[in-house]
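Q: can't give you the sequence, but here's the structure:
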Ligand SMILES: [Zn+2]
């Protein structure tokens, strides 16, 4: 089966990372954002197989502010966002920001979810490993809900995602990844609502799921919108 057909089994619409970042750049350029007047931010997993999109964002927008945590969670919070909000160039009296935020999931050439290969290693590997570990814990019926100071990010993942999961329900990895996307977007938007002054700044929120496919990485787009002069505008990413 071709990669495209494998991805179609789970995701209605996917782009290569390069296509996706270029299309979002093009859509935002029409709203006055460009690589001279805008600073990008990214929130993706720490996994090295997720970093290809970071390189594409850098190529298109320049160096981006890094909000990333395990699983792509937005744990940088109001303080992290407030730091980034002092970094944009000021052009025509306005600041401009674009935020890319996404969890990730692997799909192998047989269409198996969560499975990938790692360079130089025989056998199968898992992505996202942090979400897989949490999913296994839920399936075991025992979830540690305390803050482990030697495992801060994973503790926060459990606490945050359990707020989104009905009591007693054990999602599979794909469902858990979609739940993670919802949490990341909600937390980013909450921080934006408290920190960003739309009287001074235009910004865009671009979310989705990064797919570590059999041959390359892809993006399934979710929210893609900009707020320009305080007004929300949907981006056409086609
Ligand atoms: Zn991961």
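A: Alright, I've got the coordinates. Nothing here was measured: the structure is a model prediction, and the numbers come from that model.

Q: When you work out contacts or count neighbours from here on, use the C-alpha atoms and nothing else.
A: Fine.

Q: how far away is residue 125 from the ion?
A: According to Cα to the ion, to the nearest Å, residue 125 and the ion sit 11 Å apart.

Q: who's in contact with the residue in the chain positioned nearest to the ion?
A: Going by Cα to the ion, the ion is nearest to residue 128 of the chain, at 3.6 Å. By Cα atoms under 8 Å, 6 or more residues apart in numbering, the residues touching residue 128 are 47, 71, 103-106, 114.

Q: got it, and residue 123?
A: Going by Cα under 8 Å, 6+ apart, residue 123 touches residue 117.

Q: before we move on, what about residue 108?
A: Contact analysis of residue 108 by Cα under 8 Å, 6+ apart lists 114-117, 213-214.

Q: ok, and what's touching stretch 71-82?
A: For stretch 71-82, using Cα under 8 Å, 6+ apart, the contacting residues are 43-46, 67-69, 101-104, 128-131, 157, 180, 183-184, 187-188, 191-192, 194-196.

Q: So what would you say the end-to-end distance of that stretch is?
A: Stretch 71-82 has an end-to-end distance of 22 Å (Cα to Cα, to the nearest Å).

Q: now do stretch 85-103
A: 23 Å.

Q: How about that stretch, which residues are buried there?
A: Neighbour-count burial for stretch 85-103 flags 85, 88, 94-103 (criterion: 16 or more other Cα atoms under 10 Å).

Q: do the same with stretch 140-157
A: 153-157.

Q: Show me the shaky parts of the protein.
A: 1 (pLDDT under 70).

Q: Please list the residues of it that sit near the ion.
A: 45, 71, 128 (Cα under 5 Å from the ion).

Q: residues touching the residue most central in space within the chain, list them.
A: Central residue of the chain (Cα atoms, centre = their mean): residue 102, 1.1 Å from the mean position. Counting by Cα under 8 Å, 6+ apart, residue 102 makes contact with 43-45, 72, 181, 184, 207-210.
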